[in-house]
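Visitor: what follows is a predicted protein model with its sequence.
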Amino acid sequence: MTLMNATPIENIPEHLNKYIAHQDTHLYTPIDQAGWRYILGISKYFFEEHAHGHYLEGLKKTGISTERIPLIEEMDACLRKFGWRAVAVSGFIPPAIFMEFHELGVLPIACDMRKLENLAYTPAPDIVHEAAGHAPFLADPEYLDYLRTYGRIAKKAIYSKGDMEVYNGIRHLSEIKENPNSNEAEIRAAQKILEEATASVSYLSEAAYLARMYWWTVEYGLIGDLHWPKIYGAGLLSSLGESYLCLREHVKKIPFTIDAINWSYDITRPQPQLFVTKSFRHLIDVLEEFADTMAFRRGGIEGLAKAIASQSVATVIFDSSIQVSGIVSRYLQDETGNPSYINFTGPVQIAQNDKELSGHGTQRHAHGFGSPIGKCTNVSKCLSELDETEMDSIGLSKNRKCELNFESGIQVVGIFKKSDTSSGKNLILTFDECEVKIGDEILFDPSWGEYDMIIAKAVESVFGGPADTLSFEKDQSAVKNLNPVHKTNRTPKNENLCNLYQVVRELREGKSAVESQKAELSRIHADLEKLYPNDWLLRLEILELDKLNRLNSQWTASAIKRLKEISTSNSSIKDMIDRGLRVLEKL
């Protein structure tokens, strides 16, 4: 049966729907299912002692079993009990989108399954990481509160151009590594692209600092006593190798404070240090401490400076409730040090309450936008509060030339065309044949077309991304319908091996006679010896079945000997084989 995740989910913003994929259970190979079963089975024994106490219970509460890759629809039904939802995605999604899902109380679950050769760890998002790593702690109210608070705050973070280049590099490398058809040359080339993108970053944005906080908490966090901590980070919980080694003395343990944002990380290598939080409540306190430094709370010159440094789209919110979204390129200051004129590079959107104002999208402001803010010296009241009669008295009547002089020295002279209003207040004044200048510097030339001037006196907030994402994106040629596809690890090369794994799976799930099962396992062992001398996982599977059913087959000693020979070829595989054999001893 093929099960599709229900989409779109209720109340999800339209611009997020393009990131939602379909989970197709036919695309999971029997090798994938065995890999899932191995990871969850091995992890259970280790995490009983070393994971936060809520982890194993959380697996049950979120609909995750050891025996099969979970269905995201079933997980979604379980998460509803905690006020959350789950949707299927494929691979990496942009960080801002991921955080927006979190703010909405939605867990994006990458439905792809890691390759067998990457079973211990993969840098790519997959269902092991997202489902078995992230989901279980959503049953913990304080952790859930942290995750949603993080999403709300991170959604406002200003991203830099460099952040996106690094993100694209990470996504490309992880997709290459998880592609069963990629080769070593392609992996090295992708690694080089990521290294170059990382090396070119000269400015750490708010989003970069928050990404570090997320990494050292949600992904690689420890909790409890500094000397005897427990694991709660999804990256550790989904990494067989690193979770097993991270609690040893060679990995430095540091009390979690806001200083964690000053520690960088490398997704391709084990982490040399980890941070230990006292509690999930403490995570929220530290997060709020950082949020108080962010542009969306600070506003003013400080917020504008961060937006300019980012070289990426940001939204400036003015005291009049107007929002202008675009790349902030410069600002002027008045004598008191407050912003008096702000320039944006196009495309630009003007909005209010996160909704684009009619006629003020990126098509009208394709080449940029600029406006003075502050008080006019030739107007007794705030421009936003003038009624039609009062506007006429200062020359702001349709098709008449008028002049506005600001305390900052900026002068606006042009033919008044109209006023965009909301709730009885003027928001935007439009002029024709307009010149805007300060001293001898021309800020807007009449030859550039109609001039729109927002009415505002101060910058209250600055946050990353556009105010109305869907409207901002819809006219941009770079935006495509993503149509994300759940990928498969099945290839012509592994088709026969998949068939062997499937037989073993059916034997485990069926009720065939002991003698029949014994003969089938013997045949599979012979095929492995002849055709797949280096496959270790299926050997563990058939050894488990033989022991559970007390078959006492003659080939078991040969299979164990072969596993030990395979383990000499790779230290990571050795650890997995050794741990698998230890579990067999407990049966």
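Guide: Received it, and whenever you're ready, just let me know what you need. Numbering: from 1, shown residues only.

Visitor: burial of D259, as a residue count?
Guide: Counted by other CB atoms under 10 Å, the residues lying close to D259 total 11. Every C-beta, even on glycine, is put in place using the N, C-alpha and C of the backbone.

Visitor: A helix includes it, no?
Guide: Yes. Under DSSP: H, G, I helix; E, B strand; the rest coil, D259 sits within a helix.

Visitor: please report how far it lies from V251.
Guide: Distance of D259 to V251, computed by CB to CB, to the nearest Å: 18 Å.

Visitor: what is the neighbour count of the residue lying closest to L587 once chain neighbours are set aside?
Guide: Once flanking residues are discounted, L587 sits nearest to K547: 5.2 Å by CB to CB, 6 or more residues apart in numbering. Around K547 there are 15 other residues, counting by other CB under 10 Å.

Visitor: repeat that for V166.
Guide: V166: 19 neighbours (other CB under 10 Å).

Visitor: what sits against it?
Guide: L194, A197, T198, V201 (CB atoms under 8 Å, 6 or more residues apart in numbering).

Visitor: where does F290 fall, secondary structure wise?
Guide: Assessed by DSSP states H and E, F290 sits inside helix 280-291.

Visitor: show me the contact partners of that helix.
Guide: If you take CB under 8 Å, 6+ apart as the criterion, helix 280-291 is touched by 140, 142-143, 145-146, 149-150, 153, 209-210, 213, 217, 221, 223, 256-258, 260-261, 277, 297.

Visitor: chain center to whichever helix or strand comes after that helix, what's the gap?
Guide: In the C-terminal direction, the helix or strand that comes right after helix 280-291 (DSSP H and E) is helix 295-298. Chain-centre distance of helix 295-298: 22 Å, with CA atoms, centre = their mean, to the nearest Å.

Visitor: which strands or helices does the next helix or strand after helix 295-298 pack on?
Guide: Next along the chain after helix 295-298, taking DSSP H and E as the criterion, comes helix 300-310. Contact partners of helix 300-310 among helices and strands, from 3 or more CB pairs under 8 Å, 6 or more residues apart in numbering; DSSP states H and E: helix 295-298, strand 314-318, strand 322-333, strand 339-352, strand 459-464.

Visitor: ok, A139 to I127 distance?
Guide: 18 Å.

Visitor: quick one: least confident helix or strand in the chain?
Guide: In the chain, the helix or strand scored least confidently by mean pLDDT, DSSP states H and E is helix 161-178, which has a mean of 82.

Visitor: that helix: how far from the chain's middle?
Guide: 12 Å.

Visitor: hmm, back to that, between A139 and I127, who's got more neighbours?
Guide: Neighbours per residue, other CB under 10 Å: of A139 and I127, the larger number sits with I127, 26 against 21.

Visitor: where does the more buried one land on pLDDT?
Guide: Among the per-residue scores, I127 shows a pLDDT of 95.

Visitor: hmm, it is touching I69, no?
Guide: Yes. Using CB atoms under 8 Å, I127 is in contact with I69, at 5.9 Å.

Visitor: report the set of residues contacting both of these two.
Guide: Taking CB under 8 Å, 6+ apart as the contact rule, I127 and I69 both touch W36, M113.

Visitor: follow-up on the earlier one: check which helix or strand covers the residue nearest to L587.
Guide: According to DSSP H and E, K547 maps onto helix 537-548.

Visitor: again, but for G35
Guide: According to DSSP H and E, G35 maps onto helix 30-50.

Visitor: show me what counts as buried in that helix.
Guide: 30-43, 47, 50 (16 or more other CB atoms under 10 Å).

Visitor: next: stretch 212-231.
Guide: Within stretch 212-231, the residues scored as buried using 16+ other CB under 10 Å are 212-224, 229-231.

Visitor: now the end-to-end length of that stretch.
Guide: End-to-end distance for stretch 212-231: 18 Å, by CA to CA, to the nearest Å.

Visitor: quick one: mean pLDDT over that stretch.
Guide: 96.

Visitor: which ones among the buried residues of stretch 212-231 map onto helices?
Guide: Among these, the residues falling in helices (DSSP state H) are R212, M213, Y214.

Visitor: could I get these in CSV, plus columns for distance to N494?
Guide: As requested, those are exported to CSV (distance: CB to CB, whole Å):
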residue, distance to N494
R212, 38
M213, 40
Y214, 35
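
Visitor: and the one helix or strand F275 maps to, what's its mean pLDDT?
Guide: Of the helices and strands defined by DSSP H and E, F275 is found in strand 273-277. What strand 273-277 shows for mean pLDDT is 98.

Visitor: same thing with stretch 76-90?
Guide: Stretch 76-90 carries an average pLDDT of 93.

Visitor: need the residues that contact it.
Guide: For stretch 76-90, the surrounding residues in contact (CB under 8 Å, 6+ apart) are 5-7, 9, 12, 19-23, 61-63, 72, 75, 101, 104-112, 125, 135, 138-139, 144, 484-487.

Visitor: out of these, which are buried?
Guide: Applying 16+ other CB under 10 Å to the contacts of stretch 76-90 flags 5, 9, 12, 19-23, 61-63, 72, 75, 101, 104-112, 125, 135, 138-139, 144, 484, 486-487 as buried.

Visitor: re the thing from before, so the residue nearest to L587 makes contact with K586?
Guide: No. Judged on CB under 8 Å, K547 makes no contact with K586 at a distance of 10.2 Å.

Visitor: following the helix or strand hosting E473, which helix or strand comes up?
Guide: Secondary structure assignment for E473, by DSSP H and E: helix 469-474. Using DSSP H and E, the helix or strand that follows helix 469-474 in sequence is helix 495-509.

Visitor: may I have whichever helix or strand comes after that next one as CSV, with CA atoms only?
Guide: For helix 495-509, the succeeding helix or strand toward the C-terminus, using DSSP H and E, is helix 514-531. Provided in CSV are the C-alpha atoms of helix 514-531 (Å, rounded to 0.1, in the frame of the first residue of the first chain):
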residue,chain,number,x,y,z
VAL,A,514,10.7,-24.2,11.4
GLU,A,515,12.3,-26.6,8.8
SER,A,516,11.2,-24.4,5.9
GLN,A,517,12.6,-21.3,7.6
LYS,A,518,15.8,-23.1,8.4
ALA,A,519,16.3,-24.1,4.8
GLU,A,520,15.5,-20.6,3.5
LEU,A,521,18.0,-18.9,5.9
SER,A,522,20.7,-21.5,4.9
ARG,A,523,20.1,-20.6,1.2
ILE,A,524,20.3,-16.9,1.9
HIS,A,525,23.6,-17.4,3.8
ALA,A,526,25.0,-19.3,0.8
ASP,A,527,23.9,-16.5,-1.5
LEU,A,528,25.6,-13.9,0.7
GLU,A,529,28.8,-15.9,0.7
LYS,A,530,28.8,-16.2,-3.0
LEU,A,531,27.4,-12.8,-4.2
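
Visitor: packing partners of helix 514-531?
Guide: With 3+ CB pairs under 8 Å, 6+ apart as the test, helix 514-531 has helix 495-509, helix 537-548, helix 556-567 packed against it.

Visitor: in a markdown table: those helices, plus mean pLDDT.
Guide: As requested, those are exported to a markdown table (pLDDT from 0 to 100):
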| stretch | mean pLDDT |
| --- | --- |
| helix 495-509 | 94 |
| helix 537-548 | 96 |
| helix 556-567 | 96 |
